[in-house]
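J.: Provided below are the primary sequence and the corresponding predicted coordinates.
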Amino acid sequence: MGAIGALALGSAIAAPVRAGDASVLAAAELRVGVERLAKLRLELAALSDTARARDELGRERSRVIGALETLRGDTTLSTRRRGQVQRLSDGVTAFVERVDGGPQAAGASWPEVYRDSEALAAQMSFVSTGLSGEMSDGSRATLVDLLTRAAATALRVGKLNFAAAAGPGSQAIAVDVRQAMGEFTAALEAISGSSLHDQRMHDELALARNQWVMFSAALNEGGLVKERRRLNDVATTADRIAQSLLAMAQRAMRPPVPTELAARRG
């Protein structure tokens, strides 16, 4: 299963993901999953109640490993692309091992988790965008890449807030979170102007927009949480935004079957 699991079908009937597109979806899920792993690990360092983060950490780790296995198992990739995937795989595997450190080490290891996730984000973006660029449907590839980037950015805003809360605030984090807020807002507007091929995608977009309003309400103009007690809201709302956007990416990878064909199947 993907990072969100099987999506219920709406009025449109979705075709299965083609074999050549499976790596694009796996790369998208990996890109979002690693960012979420980092956010959850920093939650352990910043929050007093860590039960949710610990539970979600194990589940997200399994999803990340599954996406990585799918990506590594694609024998249709070019030699150059397989080399890129292998280097990414090495980095993600090392990152997952670091994240797997015991809860008692959360405070001590969070700077390394933050640093490594930032480095991996650039590498994953390169691989994900490259794979999307090889899709035959250029407009669909652009949409998938945009949705993936927006989902990862929403999680990054959350991660940056937990990095600021876990240790002494730094000017670099303040600059990064303001930039990430702007990037997410721009991406959300671009998605809103895109052609979405079924009603469920429109519904997920509306949900993401509503969640973003709630998310923003907990933050100051600079993008950092107004009050520490609202960090739990930041944690869950960022997850819900990313979930909706990744669900849209998954549906974008499964173009609807024409109505006439659907009727014949029925």
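T.: Cool, the structure landed.

J.: which of the residues in stretch 216-232 are buried?
T.: Across stretch 216-232, burial judged by 16 or more other CB atoms under 10 Å covers 216, 218, 219, 223, 224, 225, 231, 232. C-betas here are computed from N, CA, C, even on glycine.

J.: any idea which element the nearest residue to residue 30 once chain neighbours are set aside lies in?
T.: With sequence-adjacent residues excluded and distances taken as CB to CB, 6 or more residues apart in numbering, residue 30 is closest to residue 67, at 4.3 Å. Using DSSP states H and E, residue 67 maps to helix 51-72.

J.: Residue 80: which element?
T.: Element membership for residue 80 (DSSP H and E) is helix 79-99.

J.: Now do that helix against helix 51-72, angle only.
T.: With axes from the mean of the first three to the mean of the last three CA atoms, to 10 degrees applied, the angle from helix 79-99 to helix 51-72 works out at 160 degrees.

J.: Heading C-terminal from helix 79-99, find the next helix or strand.
T.: Remark: after helix 79-99, the chain's next helix or strand is helix 106-133, criterion DSSP H and E.

J.: If you count contacts, what does that following helix end up packed against?
T.: Packed against helix 106-133 by the contact rule (3 or more CB pairs under 8 Å, 6 or more residues apart in numbering; DSSP states H and E) you find helix 22-46, helix 79-99, helix 138-166.

J.: which regions of the stretch 51-200 of the chain lie under the pLDDT threshold?
T.: Within the stretch 51-200 of the chain, the ranges that satisfy pLDDT under 70 run 101-108, 169.

J.: let's see it at 80
T.: Counting by pLDDT under 80, the stretch 51-200 of the chain contains low-confidence ranges at 100-109, 133-136, 138, 168-170.

J.: which is the next helix or strand following the helix or strand containing residue 201?
T.: Residue 201 belongs to helix 199-217 when elements are defined using DSSP H and E. Beyond helix 199-217 in the direction of the C-terminus, DSSP H and E gives the next helix or strand as helix 231-252.

J.: what's the spacing between the residue nearest to residue 30 and residue 33?
T.: Residue 67 sits 6 Å away from residue 33, taking CB to CB, to the nearest Å as the criterion.

J.: which one of the two has more residues nearby?
T.: Between residue 67 and residue 33, residue 33 has the larger neighbour count (other CB atoms under 10 Å), namely 30 against 24.

J.: residues touching the more buried one, list them.
T.: Each residue near residue 33 by CB atoms under 8 Å, 6 or more residues apart in numbering is listed here: 3, 60, 63, 64, 67.

J.: Check the residues you listed and tell me the two furthest apart.
T.: When CB to CB is used, the two most widely separated members of these are 60 and 67, lying 10.5 Å apart.

J.: any idea how far residue 223 is from residue 215?
T.: Relative to residue 215, residue 223 is positioned 10 Å away (criterion: CB to CB).

J.: what touches both of those two?
T.: Contacts common to residue 223 and residue 215, judged by CB under 8 Å, 6+ apart, are residue 157.
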